[in-house]
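Colleague: Starting from these lines, generate the structure:
(one chain, ligands or ions: 2)
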Amino acid sequence: MAPISIQTVLISESVDPRCKAILEENGIRVTEKPNMKRDELMAEIKDYDGLVVRSATKVNADVISAAHNLKIIGRAGTGVDNVDVDAATKKGIIVMNTPSGNTISAAELTCALLMSLSRNVPQAAMSMKQGNWDRKKFMGAELYGKVLGIVGLGRIGKEVASRMQSFGMRTIGYDPITTPEVTAGWGVEQMSLEQLWPQCDYITVHTPLMPSTVGLLCDETFAKCKKGVKVVNCARGGIIDEAALLRALESRQCGGAGLDVFVEEPPKNRSLVEHPNVISCPHLGASTKEAQARCGEDIALQIVDMVKGKSLVGAVTLFCLSSIRQEAYHDIAIPQLKYKAKIYMHAV
Ligand SMILES: NC(=O)C1=CN([C@@H]2O[C@H](COP(=O)(O)OP(=O)(O)OC[C@H]3O[C@@H](n4cnc5c(N)ncnc54)[C@H](O)[C@@H]3O)[C@@H](O)[C@H]2O)C=CC1
Ligand SMILES: O=C(O)C(=O)COP(=O)(O)O
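Modeller: Numbers count the residues shown, from 1 in each chain. Ligands and ions are numbered 1, 2, ... in the order given. Here you go, the predicted model:
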């Protein structure tokens, strides 16, 4: 691939300092401006060659059209739902992410939420801080022997499965791409969602946010679940429909929810966060030193590779995917995501 000239990069969120250091070591001028308002971003972006973001910067069509020189949008993390990939692609801007950098951290937080839901840890801790000693109110239930349904058996879903199996949970799941033969090797029995919903004591979702995953858990699907099912969303707000979740919590069809992500972040509608059976975090799945170091470093190295003309055979849009999943994504997931551009894979 012909080298691409990237002389200036704007980092619009808090990204590990290694990112800036690596870019600068390679002769790229870097400006860090976190917390810009939309207007400020649109004014700032116009002359940069590259933009590095996490999940909070909404790189929509307006931002992309205001960016006259932009050649690359680097997502230091996994989900690219905050980037209008179609608009970027039409302008010939490469979009790349660092999908494996925060897998373990997101999986560990998911497990923490599952454990907290089973034993009411956050509620009990809060009650202690308020001076109480209430042993009856916080009676829990063991995870041992319970059924965990994992919707989305990619990187994070797989890591969640192995960790929760060590607690003695039976793990079942559904994924349209990862085959049952593959997941059987990780101890996850695959089945249709229709078969999955009524069996689960806990459900955790690990799909990207895209039209086909919006509202995977909704009124209709909650009604198919066991009464009192507990759910975790450490993926993206909206995969579990928020209004339906609130209704299910109120009717006790849902016995509790662990939420790391919301449709609107921070959520202006506080009904879920304030519900007594909801435990929530402010999108902390990737917020560990290790994950941030990996993602910051990976995105910088990928940009430098591009500048040097390495790794890509040509580029319109790039998704950096792990070797095991490259084929699957190339053949199946990309059309499903409706990316019209040709996708070139990063060499691994
Ligand atoms: N809370 C946080 O801070 C973080 C959240 N995430 C979110 O987690 C998501 C998953 O991340 P990874 O596991 O790394 O992605 P991945 O791409 O490895 O796995 C996603 C899986 O979802 C499957 N899938 C797609 N449509 C589906 C459907 N309709 N039903 C069931 N499965 C479906 C895909 O086939 C794929 O196997 C990311 O897209 C991101 O939005 C990722 C990292 C941190
Ligand atoms: O990588 C992802 O998809 C995440 O959700 C992590 O988001 P963040 O980088 O912490 O804003």
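Colleague: Which residues of the stretch 1-150 of the chain lie near ligand 2?
Modeller: 54-56, 77-79, 102 (CB under 6 Å from any ligand atom). Where you see a C-beta, it was placed from the backbone N, CA and C, and this is true even at glycine.
Colleague: ok, which stretches of the stretch 51-200 of the chain are helices?
Modeller: Counting by DSSP state H, counting those that start in this stretch, one finds helices in the stretch 51-200 of the chain at the ranges 61-66, 85-90, 103-119, 121-129, 155-165, 180-184, 193-196.
Colleague: Low-confidence stretches in the protein?
Modeller: For the chain, applying pLDDT under 70 flags the ranges 1-2, 311-348.
Colleague: How about it: which residue is closest to ligand 1?
Modeller: residue 154 (1.7 Å; CB to the nearest ligand atom).
Colleague: I'd say that residue and residue 173 touch.
Modeller: No. Counting by CB atoms under 8 Å, residue 154 sits too far from residue 173 to count as a contact (10.6 Å).
Colleague: Who has more neighbours out of the two?
Modeller: residue 173 (28 against 24; other CB atoms under 10 Å).
Colleague: ok, now which ones touch the more buried one?
Modeller: 149-153, 157, 161, 183, 188-191, 196 (CB atoms under 8 Å, 6 or more residues apart in numbering).
Colleague: go on, residue 51?
Modeller: 9-12, 45, 57, 59, 67, 70, 72-74.
Colleague: Distance-wise, check the nearest residue to residue 196 once chain neighbours are set aside relative to ligand 2.
Modeller: In space, and not counting its chain neighbours, residue 196 is closest to residue 149: 4.9 Å by CB to CB, 6 or more residues apart in numbering. Plainly put, residue 149 is 21 Å away from ligand 2 if you go by CB to the nearest ligand atom, to the nearest Å.
Colleague: roughly how far apart are residue 149 and residue 30?
Modeller: 43 Å (CB to CB, to the nearest Å).
Colleague: Most widely separated two among the contacts of residue 173?
Modeller: 152 and 189 (15.2 Å; CB to CB).
Colleague: tell me, how many neighbours does residue 205 end up with?
Modeller: 24.
Colleague: wait, it sits on residue 235?
Modeller: Yes. Here residue 205 reaches residue 235: they are 5.0 Å apart, a contact under CB under 8 Å.
Colleague: Now do the shared contacts for those two.
Modeller: With CB under 8 Å, 6+ apart, residue 205 and residue 235 have common neighbours residue 152.
Colleague: Can stretch 112-131 be said to contact ligand 1?
Modeller: No. Against ligand 1, stretch 112-131 shows no contacts by CB under 6 Å from any ligand atom, the least distance being 10.2 Å.
Colleague: can you tell me the distance between the two ends of that stretch?
Modeller: Taking CA to CA, to the nearest Å, stretch 112-131 runs 24 Å from one end to the other.
Colleague: buried subset of the residues of the stretch 1-150 of the chain next to ligand 2?
Modeller: Buried members of these, counted by 16 or more other CB atoms under 10 Å: 54-55, 77-79, 102.
Colleague: So which residues of the chain form strands?
Modeller: Counting by DSSP state E, the chain has strands at residues 8-11, 29-32, 50-53, 72-75, 94-97, 147-151, 170-174, 188-190, 202-205, 229-233, 254-259, 278-280, 317-319, 343-345.
Colleague: so which residue of the stretch 201-348 of the chain comes closest to ligand 2?
Modeller: residue 286 (3.6 Å).
Colleague: ok, now the stretch 101-250 of the chain?
Modeller: Counting by CB to the nearest ligand atom, the stretch 101-250 of the chain gets nearest ligand 2 through residue 102, at 5.1 Å.
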